[in-house]
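Asker: pasting the structure only:
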């Protein structure tokens, strides 16, 4: 887990394609012919016989800033099309544009803001949307636009439309639910059309749904956890990006579980967002490859 | 987690009773009056207002070997009955008598045998019962009686009766299922009438039942775990004693998950058995207090 | 690890005394006679034969607010003096007064401020002292007085005197060095006369002194850590309160080690401060008992 | 961390060379031209500008069994020599030949034997050498030749010569010190001339040398650890392969630290041996790259 070097000539290429011989050779030969130096490379085969092949390559290429278009055009023709690849290139100079949706809990929210300010997350926080006023002052301290879109049983569709409008207007590339206490509709996901990362306060698939700390307390588990995943229509069932747990004892109450959980929630969400931002996460059906 | 000192004059008192003022005072005063020195003490209140109070005290008492009966009789009269206590005293010189039920997997089984031989578990392994011949040689190397009781769909009731007969005959005080691949019937549990500790190869309540590693693989979780619990009639739903997890990645197959899981399974089971053996586990409804 | 209930009638008694029979009985009898209900109790004997006995009891006593003086006077006479105890009582309604000393790194600092605001740390942050201006705005956002006391090679003695003056004036009960990059003199420690908690960015005793991440990188370790300890005259050698580590690989640079380290530093320091604030830490020579 | 598939046509290529553009392209093109399919690939650059480049590729090649010599000859000419590589190919059908040196502690020793029997370690345990008789029966149960070579102050040189003779005779490719309580001389290391892996019972560089648990107890650390490293002439200072820790409290004694340490020692040593056996460890000065 090294940081993406923040230099003008660094980029990350991610690909997914049907597995076959010669993919690494084709890609690395292409990069070499264009004068690129591979900094990191990861690959994964779901099944060498007829499965899917995933690869992520960070590379350095002198003059990349000017040559993007021709580089991408050539890659598409020479490598991607013949090998039937899904692919994309991200440039280190273009931090992804992120929206944060939040309700009243401040821990995940503040942690993301702090990491971005600190330079740990190569991301631009374009805007924050909340259904409550509570965190406005924190947002302002970090200099991020803060929008309140109240959500009630009656206005849910309008509220979601307004949220999407704000995010599209801001050119947001992905959204993070930093303990946002509303369930997004399937229509939201389709209309927004971009990845949404959630943090759920349990080690999924245990304790799906509301009040997982109370459920954990009732079951008498000896560890509690957090799971960050991409949001899909089915509640808490999307592809998992990161998970972690913390040991607990019989002494905990639902309230102290919540307190202990805050530390693991913010840590797991930050890890997932960082992996997403650095193009380390490739989706494969309902699972992820995290390089 | 310090070892129980293996000396003739050391004992452990565990109690559970309705919470009220003055319990610690009553017990510690009683021990002091009898010349006992408290070595360790733990207590837990489920709710200071009308809940249950749990306590575990390790103490040292010169001449305890000879005075057991009178000590226990006095404790019952002076303290336990007035305060409406469930209680028991265990003596360090009397290791608990344990049965191990096992099928073909050797990892949890060998680990328990090794820990007992090493002196880490103050337990006597009275006998091993398996539904297969495979582990006989290992059992014999550690000098423990090994009985094969085959279990089929047709003979389950007879097989269970034979298992219980063997265990009762050997004076077994509790049984451990060290990856024993048969589900015990409710009748078994009632007739055996003593605690049975199981190791389940998932972080319960996730992945109850068969093939949890396959289920974990299918869900794409980023950690796998193991749970040791007391067996009750409902499958994998008994009071949890210990749990732990290990991180995994997209590279794992169901087979490598099994391999990684073995290390955490044997570790968690050993921790649970050790806690039970040292009278650190008190059952409270479907949960445990683990001191 | 349950939170101290924030109620007017709750208090914590901590004692240390020469070990002998009857201490628990004497203390619990005293509390019972005064109508107190013990909520939690922990004890530790360094050596049942002639060692030191440590105990921490959280208790609830109706009307404690008014009865403090008489309660403490009685305890001193009836229990503490006969048993030669060091002891103190802390009241849940009186959060300890803390100073934070910080330089430029914001992670430990912000984490403490956030936890205090969140109600996780029952502490009053009386003031912040820094040798730099950088964190003034953050401090102000949390509403905590921020003082800059520049420290140079030439003014160190005067600077320390000013720091102590500010802290004494504010009635500070203990100080936390949240990555404060100056070594405190022995004179400072003596004159301040109260506990000082530091966070060192290595798993002590490895990598004492400056640049531990660089040293960890050079040694090629596979984990990095953080240690929180009470400050003594000998650099990084005081009693350890809390430690933790995080795994690292060959991919890390000294810079990414610093980034990964920030998460474990802030977590370990918060754990240590919380333990101190809740009177869970008792010092025994150069070691600690942490209940 | 997936297991090496145990098939006749699978091999692992590891290389180290001066970093420059085109290395991945050259190697993957070569493998592609020979009909190989890359299963896993890892690479690491110590410094893209003039550093060292490390790579490990697992590949599958139909008919590899017969084609080894010609494959290796061609690789040397076409790729390795032009790029100035150190390299080697390991074949999945040829498990490495390992010696285990041990004294009296059985935990690391039994764990390695069990993992080999279980199929977790693709290794052949050629022989065991001990300076004591104690573990002969265990060795015999696992069917491994057991040699006793007593070591005294006076016979150390002869004893080491005998150990090396036994290992060379058995065609051993690397040795593991599974808590072998003698320090190997520089002459031993030179004459043996193959890798030696040690397990040290502390988180190095803390507590180098004898009695690390006693030293950990005296310092009052809150975690203890284990480190597996390649042995070099300087005591406990060789390249680290794996490390881990376990949390401890003030309740531990040096004896309970030893007990807790056993679990982490055997786990860390097994992890290091497995990585070595699967050609995942590349040495770089006094550090390791562990793929």
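Answerer: Structure received. Remember, it's a predicted structure, so these values are computed and weren't measured experimentally.
Asker: what helix or strand does residue A:160 sit in?
Answerer: According to DSSP states H and E, residue A:160 maps onto helix A:156-169.
Asker: swap in residue A:204?
Answerer: Under the criterion of DSSP H and E, residue A:204 resides outside all helices and strands.
Asker: got the domain ranges for chain A?
Answerer: A:10-91, A:96-290 (automatic domain parsing).
Asker: can you show me the helices along chain A?
Answerer: Secondary structure of chain A by DSSP state H: the helices cover A:23-33, A:64-75, A:81-83, A:107-118, A:136-141, A:156-169, A:186-192, A:212-219, A:254-277.
Asker: distance of the residue of the stretch 101-250 of chain A found nearest chain C from residue C:89?
Answerer: With C-beta to the nearest C-beta as the measure, residue A:141 is the residue of the stretch 101-250 of chain A nearest to chain C, at 4.9 Å. Heads up, the C-betas are built off the backbone N, CA and C, glycines and all. As for residue A:141, its distance to residue C:89 is 39 Å (criterion: C-beta to C-beta, to the nearest Å).
Asker: please apply the same query to residue A:90.
Answerer: Counting by C-beta to C-beta - residue A:90 and residue C:89 are separated by 59 Å.
Asker: looking at the stretch 51-200 of chain A, what residue ends up closest to chain B?
Answerer: residue A:54 (8.5 Å).
Asker: the stretch 101-250 of chain A now?
Answerer: Per C-beta to the nearest C-beta, the residue of the stretch 101-250 of chain A with the smallest distance to chain B is residue A:220, at 3.2 Å.
Asker: ok, and the closest non-adjacent residue to that residue?
Answerer: Sequence neighbours aside, residue B:287 is the residue nearest to residue A:220 in space, at 3.2 Å (criterion: C-beta to C-beta, 6 or more residues apart in numbering or on different chains).
Asker: tell me who's in contact with the one you found.
Answerer: Applying C-beta atoms under 8 Å, 6 or more residues apart in numbering or on different chains, we find residue B:287 in contact with A:219, A:220, A:250, B:239, B:240.
Asker: pretty sure the second one contacts residue B:283?
Answerer: No. The pair residue A:220 and residue B:283 fails to qualify as a contact (C-beta atoms under 8 Å) at a distance of 10.0 Å.
Asker: list residues touching both of those two?
Answerer: Joint contacts of residue A:220 and residue B:283 (C-beta under 8 Å, 6+ apart) are residue B:239.
Asker: between the two, which is the more surrounded one?
Answerer: A count of neighbours by other C-beta atoms under 10 Å in any protein chain shown puts residue A:220 above the other of residue A:220 and residue B:283, at 20 against 15.
Asker: number of nearby residues for residue A:160?
Answerer: For residue A:160, using other C-beta under 10 Å, the count is 20.
Asker: which residue packs closest to it, ignoring adjacent ones?
Answerer: residue A:188 (4.5 Å).
Asker: and that neighbour, what does it touch?
Answerer: A:160, A:163, A:164.
Asker: stretch A:236-249 close to chain B?
Answerer: Yes. Counting by C-beta under 8 Å from any C-beta of the partner chain, chain B is contacted by stretch A:236-249 at A:239, A:240, A:241, A:242, A:243, A:244, A:245, A:247, A:249.
Asker: spell out which parts of the stretch 151-291 of chain A neighbour chain D.
Answerer: Residues of the stretch 151-291 of chain A found near chain D (C-beta under 8 Å from any C-beta): none.
Asker: ok, the residue of the stretch 151-291 of chain A at minimum distance from chain D to residue D:55 distance?
Answerer: Across the stretch 151-291 of chain A, no residue is closer to chain D than residue A:247, which sits at 9.4 Å (C-beta to the nearest C-beta). To residue D:55, residue A:247 is 39 Å away according to C-beta to C-beta.
Asker: coming back round to it: counting neighbours, which of the contacts of residue B:287 comes out on top?
Answerer: The most neighbours of any of these, using other C-beta under 10 Å, belong to residue B:240, which has 25 neighbours.
Asker: the nearest residue to it once chain neighbours are set aside: neighbour count?
Answerer: Nearest residue to residue B:240, sequence neighbours excluded (C-beta to C-beta, 6+ apart): residue B:229, at 4.7 Å. Residue B:229 is flanked by 24 other residues according to other C-beta under 10 Å.
Asker: now do residue A:9
Answerer: Neighbours around residue A:9, by other C-beta under 10 Å: 18.
Asker: that one and residue A:65 touch, don't they?
Answerer: Yes. Using C-beta under 8 Å, residue A:9 is in contact with residue A:65, at 6.8 Å.
Asker: how about the closest residue to residue A:161 other than its chain neighbours, what does it touch?
Answerer: Spatial nearest neighbour of residue A:161, excluding adjacent residues (C-beta to C-beta, 6+ apart): residue A:191 at 7.8 Å. Neighbouring residues of residue A:191 by C-beta under 8 Å, 6+ apart: A:160, A:161, A:164.
Asker: quick check on the closest residue to chain C within the stretch 151-291 of chain A: phi, psi?
Answerer: Per C-beta to the nearest C-beta, residue A:251 is where the stretch 151-291 of chain A lies closest to chain C, at 5.0 Å. When read as degrees, to the nearest 10, the backbone of residue A:251 gives phi -80, psi -20.
Asker: for chain A, which residues are neighbours of chain C?
Answerer: A:1-3, A:40, A:106-107, A:110, A:114, A:118, A:120, A:137-138, A:141, A:249, A:251-253, A:255-256, A:259-260, A:262-263, A:267.
Asker: give me the buried entries from those residues.
Answerer: A:3, A:40, A:106-107, A:110, A:114, A:120, A:138, A:141, A:252, A:256, A:259-260, A:262-263, A:267 (16 or more other C-beta atoms under 10 Å in any protein chain shown).
Asker: before I go, just wanted to say thanks for your time.
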